[in-house]
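*Asks:* Just need the structure, nothing else, for what follows:
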Amino acid sequence: MRKLAILLVAAALCCAAVAQEKAAAKKPGTAQKPAAKKTGHEGHEAGGMPMPKPSPEMEKLSKMLVGTWTSSETHEPSPWMPKGGTGKGTATFKNGPGGLSVVEDYHSSGTMGGHFYGHGVFWWDAKAGGYGGVWCDNTAPEGCGVGRNLAKWQGNDLVSSGEEEMMGQKMMMKEAYTDITPNSFTFSMYGGPLGSEPKKMMTIKYTRAGGKTAEKKP
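*Replies:* Predicted coordinates:
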């Protein structure tokens, strides 16, 4: 009986508390607890628009390039470098946002008796079926330039070719990544007058520094 009495008293107290809460909610001027503010990230966390994933082509390029490299340059005689030249440098490639691009930072010395600094971004253009790129460096009067020609795989080589503008002149240009291994590759640039077969202008041999390391996607 004592247990039954205790239960009845507890039930009465609960009913009284509920009644008081309802009465307080009906009174004008009663402060209501503000709703939690949305941060703007809820949609992505709870079934919002899915983020794009890197394409197989982008993953292939990332696997080839991402890491830190040392470079050895050979410049053939040209109108911009009549005697040719050599240089040594370093390059760092990393994944861009979401792994949807690859970003390069390059520095070398010895060429033309000074320091060369370059920055590039490369991505896969699915509609055009090739890799696009933009390149900026401290020798370009315009600062940066977007490549007109897409790079495409030709067997084990990655090649772009066609008309480009270089140093204010329209030329036939060709760029090729060859001799690709997990720890080395060669970049070659060719150029010449329109309508002619481009001749080799520059060769850069890259060697991976410190062994192969995995790059995390930001």
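
*Asks:* Against residue 57, how distant is the spatially most central residue of the chain?
*Replies:* Closest residue to the average C-alpha location of the chain: residue 96 at 1.8 Å, with CA atoms, centre = their mean. According to CB to CB, to the nearest Å, residue 96 stands 14 Å off from residue 57. For glycine as for every other residue, the C-beta is placed from the backbone atoms N, C-alpha and C.

*Asks:* likewise residue 107?
*Replies:* 28 Å.

*Asks:* Could you list the low-pLDDT ranges of this protein?
*Replies:* The model of the chain has pLDDT under 70 over residues 1-47, 111-113, 167, 211-218.

*Asks:* mind checking the longest strand of it?
*Replies:* strand 169-181 (DSSP state E).

*Asks:* got the buried residues for that strand?
*Replies:* Buried residues in strand 169-181, counted by 16 or more other CB atoms under 10 Å: 171, 172, 173, 174, 175, 176, 177.

*Asks:* repeat for stretch 117-125
*Replies:* Those would be 118, 120, 121, 122, 123, 124, for stretch 117-125 by 16+ other CB under 10 Å.

*Asks:* residues in contact with residue 90?
*Replies:* Contacts here follow CB atoms under 8 Å, 6 or more residues apart in numbering; on that basis residue 90 touches 68, 69, 70, 71, 106, 107, 108, 209.

*Asks:* Could you say which helix or strand holds the fifth one?
*Replies:* It refers to residue 106. Using DSSP states H and E, residue 106 sits within strand 101-109.
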